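Q: next input, structure requested:
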Amino acid sequence: MTIDTLRQVPLFESLDDDAAKQLCELLETLDCEVQKVLFRAGDAGDAMYVIERGKVRICVQATDGHELTLAELGRGDFFGEMALLGGQRRSANAVVAEEARLAVLSREHFLSFIMRGNPNVALEMLSALANRLRRTDELLRHSTTRNVNEEMAARLTLADRAADILAEFGGSWKFIIAAVLFFNLWVLINSALLVLGKRGFDPYPFLLLSTAINMLAVLQAPIILMSQNRQAHKDRLRSEIDYQVNLKNELALQEILQRLKILERDSLQATSEKRRE
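A: This next block holds a predicted model:
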């Protein structure tokens, strides 16, 4: 990778000529074909990658077995930086989506480059890592919301679906208008029969209508309660998933801070050693 190409990467655009030249000497070039797996979640992390051309897809395996794409990176983007900051295992999969040429920077070379007096690169990397965490948070929120609805829909029985339909209709203006029209028509028919000197099927005081209304109210109340209970359960499940997402983000932020402390400690040690020399 040339200095001009390196400056097109936002992470390294602030480097001076000497620092950029030093970094170019530390980078190794890697040509990759489509669908090549660069690493998988759980693999040992010992390098970061800068995309010189092509595209790379960052994805994870969801709990339901589906593959969830977190980001699709292109020219000038970088990934795998978490391995440089903490030296821990990979947290996601990286797959080549389009024939690509990558520049590889090992953790050993990265640390030596930072110790030479380029701490701004580490700060820029942490800033980019925080931005990616926010995007992942939004993606997980939308994904978990969709999964909650799918999970609840899969658990519904035929009786549950019927109860939801009846509860939805019973709490709508359609039901109110239909009930008012039906009751008025009932009363008008029986009143008209009475005026004509005939006995209606439910003469005043309309005891049959009163009984039917009471029975409707008795049956409608538990149906509405069943539907509300399922909605409450759905809300609790969604709240629990939101809590898990927030907890994961909090742990991730703590991990970022811990890695920043490690970089700060190593930088102070290197500075102290230089002063002794």
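Q: wait, doesn't residue 69 sit right on residue 58?
A: Yes: with contacts counted by Cβ atoms under 8 Å, residue 69 reaches residue 58, the gap being 7.3 Å. From N, CA and C alone the C-beta is placed, and that goes for glycine too.
Q: neighbour-wise, which of these two wins?
A: Per other Cβ atoms under 10 Å, whichever of residue 69 and residue 58 has more neighbours is residue 58, with 21 against 14.
Q: ok, that one - contacts?
A: For residue 58, the contact set (Cβ atoms under 8 Å, 6 or more residues apart in numbering) comprises 69-73, 79, 92-94.
Q: roughly how far apart are residue 79 and residue 47?
A: 11 Å (Cβ to Cβ, to the nearest Å).
Q: what's the average pLDDT for stretch 76-94?
A: Averaged across stretch 76-94, the pLDDT comes to 77.
Q: end to end, how far does that stretch reach?
A: In stretch 76-94, first residue to last residue: 16 Å (Cα to Cα, to the nearest Å).
Q: hang on, the earlier thing: just the buried members of the contacts of residue 58?
A: The neighbour count (16 or more other Cβ atoms under 10 Å) marks 70, 73, 79, 92-94 as buried among these.
Q: any chance of those in JSON lines, with distance to residue 183 and secondary structure too?
A: Below are those laid out as JSON lines (distance: Cβ to Cβ, whole Å; DSSP: H, G, I helix; E, B strand; the rest coil):
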{"residue": "70", "distance to residue 183": "58", "secondary structure": "strand"}
{"residue": "73", "distance to residue 183": "65", "secondary structure": "strand"}
{"residue": "79", "distance to residue 183": "67", "secondary structure": "strand"}
{"residue": "92", "distance to residue 183": "62", "secondary structure": "coil"}
{"residue": "93", "distance to residue 183": "63", "secondary structure": "strand"}
{"residue": "94", "distance to residue 183": "67", "secondary structure": "strand"}
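Q: show me which of the residues you listed is closest to residue 100.
A: Ranked by distance to residue 100 (Cβ to Cβ), the buried ones among the contacts of residue 58 are led by residue 73 at 9.5 Å.
Q: in the one helix or strand residue 174 maps to, what counts as buried?
A: Element membership for residue 174, per DSSP states H and E: helix 173-195. Neighbour counts over helix 173-195 (16+ other Cβ under 10 Å) mark 186, 190 as buried.
Q: report all helices and strands that it contacts.
A: helix 207-276 (3 or more Cβ pairs under 8 Å, 6 or more residues apart in numbering; DSSP states H and E).
Q: 10 Å instead, please
A: With contacts taken as 3 or more Cβ pairs under 10 Å, 6 or more residues apart in numbering; DSSP states H and E, helix 173-195 sits against helix 158-170, helix 207-276.
Q: out of these, nearest to residue 39?
A: Closest approach to residue 39 among these is made by helix 207-276 (18.4 Å; Cβ to Cβ).
Q: what angle separates that closest one from helix 158-170?
A: 100 degrees (axes from the mean of the first three to the mean of the last three Cα atoms, to 10 degrees).
Q: I'd like the mean pLDDT over helix 207-276, please.
A: Mean predicted lDDT for helix 207-276 stands at 73.
Q: which helices and strands does it pack with?
A: Checked by 3+ Cβ pairs under 10 Å, 6+ apart, helix 207-276 has helix 81-86, helix 107-115, helix 119-155, helix 158-170, helix 173-195 packed alongside it.
Q: one more pass at 7 Å, please.
A: helix 81-86, helix 107-115, helix 119-155, helix 158-170 (3 or more Cβ pairs under 7 Å, 6 or more residues apart in numbering; DSSP states H and E).
Q: what's the span of stretch 41-50, first residue to last?
A: 19 Å.
Q: what are the contacting residues of it?
A: Contacts with stretch 41-50, where a contact means Cβ atoms under 7 Å, 6 or more residues apart in numbering, come from 9, 38, 60, 78-84, 87-93, 102-107, 110.
Q: no further queries at this time; thank you.
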